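> I need the structure of the sequence given here:
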Amino acid sequence: MNVDKDFFRLLRELSLSETDAMTYIALLQIENASIRKIAAATAINRGTTYESLKQLVALGLASVKQTGKREAYTAESPERIFELIRDRRRDLLDISAAAKTIIPRVIAHQPRPDGRPIVRYYEGDDGVVTILKDVLQTCGIEDDPCYYAYSSSHIRQYLYRKFPQFTDRRIAAGIMVKVIAAGHGHEPAAVSERKILPDSFGTDISSYSLIYGNKVAMISMSSNLTPYGVVIEDEGATSMQRLLFEQLWNYLPANA
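As a prediction, this is how the structure comes out:
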C-alpha cells in the first residue's frame, strides 16, 4: 500500500487515529473493498479495521453498501477534508465563546492558601513559551484585551526564539500591547505602541516584564543564555505595577 506521508500527517492533525488514517488511505486505493481486503492491505486486524471504518463513515470519509450479507466500503473524496476543517473551525469558535464565560468563573473560585499570591517559576525556552501562551490566553478573554511590557534589547532576541508566531497570534486576536523599551530595537508591530527609555536610564538591563490580567511576569537570562521566568498572580501587585507603568508611559515623550 502506497502511503503519502504528508497526507497521512494531515489526517493525523485532523485527530484521526493512526489506524483510521491508514484505513482511509487504503480505501482510496481499493474500490468497494471488504473488511478482509482492507485489513490485508493495512496489516491491521479485522476487528480494529471494522472500528476504523465505522469512524470513517461517521466522519463522512467513507460510505458502506450492503450486498447480501457482505458490506463493501468506498472512500469519499479527500475534498471532504475541507468540510471537516470548516466543521472543526466552527466547533472551536463555539468552544472559545463558551470558554470566555466559563474560565474566568473557574479562576475566580480557585482556592488560594491564606489569600497569598500564586508564584510560578519557569525555566528554559519551553518555560518562556508557557508564559507567552498565558499572556495570549489571559488577554484573550478580556473585553478590551491589552497588556504592558518593559522590553530590553539584550533579551528581546531570545524571547520568541521557540515561539516566533507569538506576535502574529497576538495581532490576530486583537490584543493591544504598550511597550516601554530600554534600548532601541525593532519597530513596533501592528496593534501596539512603543516608547523608548533614554540612554541615561541605562540599557544594560537584561530582563523583560509583562503586566497582564492580574499577573506580572518577569523573564531574564542566566549567564549561559538560558531564559527563566517568574509569574506572580496577585491583584494588588499587578495594580501597582500597572500604575507605575502608566505613570512612566505618560512621562516619556512619544516616539519621533
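> Using neighbour counts, pick out the buried residues of the lengthiest helix in the chain.
Longest helix in the chain by number of residues (criterion: DSSP state H): helix 80-108. Buried residues in helix 80-108, counted by 16 or more other C-beta atoms under 10 Å: 81, 84. Heads up, the C-betas are built off the backbone N, CA and C, glycines and all.
> Now do the strands in the protein.
62-67, 70-75, 118-123, 146-152, 176-182, 192-197, 207-212, 215-221, 227-233 (DSSP state E).
> For the closest residue to Asn2 other than its chain neighbours, which residues are in contact?
In this structure, Asn2 finds its nearest non-sequential neighbour in Gln29, 6.8 Å apart by C-beta to C-beta, 6 or more residues apart in numbering. Residues in contact with Gln29, defined by C-beta atoms under 8 Å, 6 or more residues apart in numbering, are 1-2, 41.
> that older thread, go through the strands of the chain and pick out the most buried.
The highest mean neighbour count among the strands of the chain, using mean count of other C-beta atoms under 10 Å, belongs to strand 207-212: a mean of 22.
> what sits up against that one?
Under the criterion C-beta under 8 Å, 6+ apart, residues 131, 135, 138-139, 147-152, 155-156, 159, 216-220, 238, 241-242, 245 lie in contact with strand 207-212.
> what's the pLDDT at Phe201?
As predicted, Phe201 sits at a pLDDT of 51.
> Gln29 versus the most centrally placed residue in the chain, what's the distance?
What sits nearest the mean C-alpha location of the chain, by C-alpha atoms, centre = their mean, is Lys133, with 6.4 Å. Plainly put, Lys133 is 40 Å away from Gln29 if you go by C-beta to C-beta, to the nearest Å.
> what's around the closest residue to Thr167 other than its chain neighbours, how many residues?
Nearest residue to Thr167, sequence neighbours excluded (C-beta to C-beta, 6+ apart): Ala189, at 5.2 Å. By other C-beta atoms under 10 Å, 13 other residues sit near Ala189.
> just checking, Ala189 touches Arg169?
No. Between Ala189 and Arg169 there is no contact under C-beta atoms under 8 Å: 11.6 Å.
> Could you check how far Thr74 is from Asp91?
Taken as C-beta to C-beta, the span from Thr74 to Asp91 is 27 Å.
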